[in-house]
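Novice: Provided below are the primary sequence and the corresponding predicted coordinates.
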Amino acid sequence: MATHAHALTLADCTRTTHISHGGEADHMDLGEGRVMWRNWWSQEGTATTFVVADCASGEALSARAAEENMGARHAFDRTDDVLAVLDRHQSGARVFATFPRIADDLGNIARDVAISTDVQESCACAALYPELRGDKTEFALAG
C-alpha cells in the first residue's frame, strides 16, 4: 500500500521515467475526471506523444505529435495541429468528446493514434482525481 508524506501534485508528475531519455511533462486537468500530459523521448531520436486519460474508466487516448530520427519513418512535427484538435474537443460538450471521435479527428494528423484501457492509475489522475481510482492499481512515485 502506498503512503504519501504529502498530497501528490501535478508538479510531482513531471518526471523522467526512462533513465535520462524519456518522461512525462505538461500535465493538465481537463475537468470532469479527464487529464492530459505529454510523453517525451530523446535518445538518438526524439518523439512527443500526447495522452488524454479518463480517470474513472482508465481509458486513454494517445497520439504521436512529433518525431525525428525514430527509425525509418520520415520526421514530422504536427504538435500545434494535434493540440488544436484536442482543444477543440475539450472546449465542446464532453458528451461529444468521445475518444473514438477524437481519434478519428487525429487520424490524418498524428501517428500511432491508439485507445487503450489502463489498469494502473496515472500520476495525473492520482494527483487530481484519486477518488476515481476504482479497481486500478494505485499510482506511487518510484524511489
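Specialist: Cool, got the structure. Numbers count the residues shown, from 1 in each chain.

Novice: Tell me where the chain has helices.
Specialist: Secondary structure of the chain (DSSP state H): helices located at 10-13, 79-91, 99-106, 123-128.

Novice: deepest of these, which one?
Specialist: Most buried of those, by mean neighbour count (mean count of other C-beta atoms under 10 Å): helix 123-128, with a mean of 24. No exception for glycine: its C-beta is placed from N, CA and C like everyone else's.

Novice: so what does it touch, helix or strand wise?
Specialist: The contact analysis (3 or more C-beta pairs under 8 Å, 6 or more residues apart in numbering; DSSP states H and E) places helix 123-128 against helix 10-13, strand 22-31, strand 34-43.

Novice: Touching it from outside, list them.
Specialist: 7-10, 12-13, 15, 24, 27-29, 35-37, 53, 55, 132-133, 138-139, 141 (C-beta atoms under 8 Å, 6 or more residues apart in numbering).

Novice: 7 Å instead?
Specialist: For helix 123-128, contacts defined as C-beta atoms under 7 Å, 6 or more residues apart in numbering pick out 8-10, 12-13, 24, 27, 29, 35, 37, 53, 55, 132, 138-139.

Novice: ok, now stretch 42-57?
Specialist: Residues from elsewhere that reach stretch 42-57, judged by C-beta under 7 Å, 6+ apart: 21, 30, 33-41, 60-70, 79, 82, 86, 117, 122, 125, 129, 132, 134.

Novice: In ChimeraX, how would I select the buried members of those?
Specialist: Applying 16 or more other C-beta atoms under 10 Å to the contacts of stretch 42-57, the buried members can be selected in ChimeraX as follows:
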select :30,33,34,35,36,37,38,39,40,41,60,61,62,63,64,65,66,67,70,82,86,122,125,129,132
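
Novice: hang on, the earlier thing: save the helices and strands packed on helix 123-128 as CSV, and put in distance to Ala93 too.
Specialist: Putting these into CSV (distance: least, C-beta to C-beta, whole Å) gives the following:
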stretch, distance to Ala93
helix 10-13, 25
strand 22-31, 12
strand 34-43, 13
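
Novice: can you redo those as CSV with mean pLDDT and distance to His74?
Specialist: Conversion of the helices and strands packed on helix 123-128 to CSV gives the following (pLDDT from 0 to 100; distance: least, C-beta to C-beta, whole Å):
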stretch, mean pLDDT, distance to His74
helix 10-13, 92, 31
strand 22-31, 92, 22
strand 34-43, 91, 17
